[in-house]
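J.: After the sequence you'll find the predicted model.
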Amino acid sequence: MPTPQQSKQPANPQGKKKLSTAAQAVAVFLIIGGALLVGRHYTASPPKVATGNVVKRVQAVTAEAVEVASGHFTIEAMGTIIAAQKIDLLSKVAGDIVRVSDEFTTGGSFHRGDMVIDLDQEDFNLTLRQLQSEVIKAQSDYQLELGNQRISRKEYEILGEQVSPEEQELMLRRPQLAIAEANLMAARAKLDQAQLNLVRTRITAPFNCVVLSKNVDVGSRISQATALAQLAGTDVFHLELTIPTGQLERVALPDRNDGVGSSIRVFIQQKNEAGKWRTGRIIGLAPGLEPKGRMAVVIGEVADPLSLLPENKDKTRLLLNSYVRAEIDGKEFSGLPQISRAYLRDNNTVWLLTGDGKLEIREVKTAGLNRDKIIVSKGLSGGELLITSDINRPIDGMALKPVRTEKTPQIQGPTPDSGVSATTQPQQ
């Protein structure tokens with residue numbers, strides 16, 4: 001007889017498991033079938049597209065005719081201003097400094113011959129008076145010897161003896177006269193030296209200059225080896241300008257151009273001096289390349305760089321060791337197209353507007369610069385229409401809408417007022 005626990009067990013559990021599996025299979029079949037039916041419906045009946053003309057947006061551009069010009073190639077260069085003349089000021093005599101010029105300070109300027117330093121003259125005056133007395137004594141000795149020689153000559157004539165030339169020299173006291181004359185010349189030379197040393201107690205500017213630094217002041221005792229100050233000439237400053245070696249052939253150097261070098265414009269790299277420049281000229285070529293970039297170094301000069309002359313008082317000053325930009329006027333060119341720098345696109349290409357209003361992207365070869373213009377040597381002709389405005393995603397051959405300007409001649413193709421430049425029929 002079964003127990004109560006046995007009567008609670010499910011009857012035929014394997015049958016229920018088979019029924020559940022069959023139900024899942026039917027559900028999956030129904031889902032797949034429904035999806036197939038929906039797909040066939042949309043394939044057989046696609047959504048309708050509204051009919052009508054589709055407007056193709058065409059970009060408006062401005063263009064101007066390419067100009068043909070003649071002039072000078074412009075070579076851009078960077079460089080540093082250096083002193084054309086720079087020396088250590090030395091004294092030719094030793095002494096104590098008793099006075100200095102008011103301009104004897106860093107930045108002070110002198111004209112050639114201006115007093116810079118005065119030395120104490122007392123010792124030099126004493127030496128001068130002493131040597132003056134020595135000259136007087138030597139001159140007296142010389143006059144006495146002249147008198148002795150006249151007496152000896154008379155005695156020799158009275159004696160009337162025949163003697164050898166050597167004995168005659170001694171009898172006529174000629175050696176004594178030579179000694180007296182030599183002593184007089186030596187005394188006079190010492191006096192001249194003393195007078196010269198007295199003059200040298202005033203140290204003057206050797207050329208028009210500015211004081212870069214000073215090492216002494218009033219009360220300093222100096223020797224002939226003491227560097228009193230460092231001076232730089234102010235008549236001209238030099239510039240060391242670096243350019244690519246390939247540009248050298250376009251620079252006129254004085255030794256190859258009848259002594260006349262290319263003219264240059266020097267621009268100051270300072271915000272308050274923006275747009276200002278000084279003019280100068282190329283005077284030579286450095287014998288070696290610049291070590292870092294292996295570029296050629298040309299030497300330029302600018303006259304009155306500190307604007308000390310009255311006619312230059314309103315001009316920009318060039319300071320030593322300043323880093324500057326320069327434009328060198330190179331050799332001449334003739335009959336070549338030139339365009340603004342802004343219109344040279346990526347990869348040395350230009351955008352041209354064709355006669356039927358389409359874009360042509362053309363590669364060109366540049367020959368150099370002419371101030372703010374680029375000179376084109378190949379790939380461009382005068383009169384062609386150069387696009388001067390930007391184009392969003394330019395594609396060679398794309399249609400453009402030219403905007404009429406004074407620089408744009410009549411062009412065939414869509415006009416600015418046509419609204420629609422091209423239409424296409426939509427697919428059904």
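T.: It's in. Numbers count the residues shown, from 1 in each chain.
J.: what's the burial count for residue 219?
T.: Using other CB atoms under 10 Å, residue 219 has 8 other residues around it. Backbone N, C-alpha and C define where each C-beta goes, glycine included.
J.: Then residue 57?
T.: There are 8 residues near residue 57, going by other CB under 10 Å.
J.: do residue 179 as well
T.: Residue 179 has 14 nearby residues by other CB under 10 Å.
J.: Next, it: phi, psi?
T.: phi -60, psi -40 (degrees, to the nearest 10).
J.: gap between it and residue 289?
T.: 65 Å (CB to CB, to the nearest Å).
J.: next one: residue 126
T.: On the measure of CB to CB, residue 126 and residue 289 end up 59 Å apart.
J.: One more: residue 225?
T.: Applying CB to CB to residue 225 and residue 289 gives a distance of 37 Å.
J.: These two - which one has more neighbours?
T.: Neighbours were tallied for residue 225 and for residue 289 using other CB under 10 Å; the higher tally belongs to residue 289 (13 against 8).
J.: Count the neighbours of residue 394 for me.
T.: Quick note: residue 394 (other CB under 10 Å) scores 17 neighbours.
J.: and it, that's in a helix?
T.: No: according to DSSP: H, G, I helix; E, B strand; the rest coil, the state of residue 394 is coil, so it is not within a helix.
J.: for it, what are its contacts?
T.: 351, 359, 361 (CB atoms under 8 Å, 6 or more residues apart in numbering).
J.: Bridged to the last one, which residues?
T.: Same thing as residue 361. Using DSSP bridges, the bridge partners assigned to residue 361 are residue 351.
J.: what's near enough to touch it?
T.: 345, 349-352, 394, 396 are the contacts of residue 361 under CB under 8 Å, 6+ apart.
J.: Can you give me the domain boundaries for this protein?
T.: The record's domain parsing of the chain by automatic domain parsing lists 59-70+335-418, 74-84+235-333, 92-119+201-234, 121-200.
J.: Now those domains in JSON lines, please, with extra columns for mean pLDDT.
T.: JSON lines is the format used below for the domains of the chain (pLDDT from 0 to 100):
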{"stretch": "domain 59-70+335-418", "mean pLDDT": "85"}
{"stretch": "domain 74-84+235-333", "mean pLDDT": "91"}
{"stretch": "domain 92-119+201-234", "mean pLDDT": "97"}
{"stretch": "domain 121-200", "mean pLDDT": "90"}
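J.: how about a markdown table for those, with distance to residue 32 added?
T.: Formatted as a markdown table, these follow (distance: least, CB to CB, whole Å):
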| stretch | distance to residue 32 |
| --- | --- |
| domain 59-70+335-418 | 46 |
| domain 74-84+235-333 | 73 |
| domain 92-119+201-234 | 96 |
| domain 121-200 | 118 |
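J.: wait, which of these is closest to residue 35?
T.: Relative to residue 35, the nearest member of the domains of the chain by CB to CB is domain 59-70+335-418, separated by 41.2 Å.
J.: Now do the closest one: distance to the chain's middle.
T.: 32 Å (CA atoms, centre = their mean, to the nearest Å).
J.: Show me the strands in the stretch 101-250 of the chain, by range?
T.: 109-110, 115-119, 202-204, 209-214, 221-222, 227-233, 236-243 (DSSP state E, counting those that start in this stretch).
J.: Which stretch among those strands is buried most, on average?
T.: strand 236-243 (a mean of 22; mean count of other CB atoms under 10 Å).
J.: partner strands of that one, parallel or antiparallel?
T.: Checking strand 236-243 against DSSP bridges gives partners strand 67-83 (antiparallel), strand 296-303 (antiparallel).
J.: Columns mean neighbour count and distance to residue 311 on top of those strands, output as CSV?
T.: Converted to CSV, these look like this (neighbours: other CB atoms under 10 Å; distance: least, CB to CB, whole Å):
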stretch, mean neighbour count, distance to residue 311
strand 67-83, 17, 21
strand 296-303, 20, 11
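J.: I'd guessed residue 289 sits against residue 298; true?
T.: No: with contact defined as CB atoms under 8 Å, residue 289 does not reach residue 298; the gap is 11.6 Å.
J.: residues contacting residue 224?
T.: 90-94.
J.: Which of the residues you listed are buried? Put it as a PyMOL command.
T.: A single PyMOL command selects the buried members of those (16 or more other CB atoms under 10 Å):
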select buried, resi 91+93
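J.: now, which of the contacts of residue 224 sits nearest residue 403?
T.: Nearest member of the contacts of residue 224 to residue 403, counting by CB to CB, is residue 90, at 72.5 Å.
J.: Tell me the one of the contacts of residue 224 nearest residue 147?
T.: residue 93 (39.4 Å).
J.: what about the closest one, distance to residue 228?
T.: From residue 93 to residue 228 the distance is 12 Å (CB to CB).
J.: just to revisit the earlier point, specify which member of the contacts of residue 394 is nearest to residue 174.
T.: residue 351 (103.2 Å).
J.: Can you give me the end-to-end span of stretch 221-235?
T.: Start-to-end span of stretch 221-235 (CA to CA, to the nearest Å) is 31 Å.
J.: ignore the last one, stretch 198-215
T.: 23 Å.
J.: residues contacting the residue found closest to residue 155 once you drop the neighbours it is linked to in the chain?
T.: Spatially, and ignoring its direct neighbours in sequence, residue 155 is nearest to residue 171 (7.8 Å; CB to CB, 6 or more residues apart in numbering). Neighbouring residues of residue 171 by CB under 8 Å, 6+ apart: 152, 155-156, 163.
J.: Which of the contacts of residue 224 fall in strands?
T.: Counted as lying in strands by DSSP state E, out of the contacts of residue 224, are residue 90.
J.: ok, the residue lying closest to residue 176 once chain neighbours are set aside - contacts?
T.: Counting by CB to CB, 6+ apart, residue 176 lies nearest to residue 145, which is 5.4 Å off, once chain neighbours are set aside. Applying CB under 8 Å, 6+ apart to residue 145 gives the contacts 173, 176-177, 179-180.
J.: Residue 246 too?
T.: Going by CB under 8 Å, 6+ apart, the list of residues near residue 246 is empty.
J.: so what's residue 326 up against?
T.: 76-79, 239, 241, 264-267, 300.
J.: Bridged to it, which residues?
T.: Here residue 326, judged by DSSP bridges, has bridge partners residue 77, residue 266.
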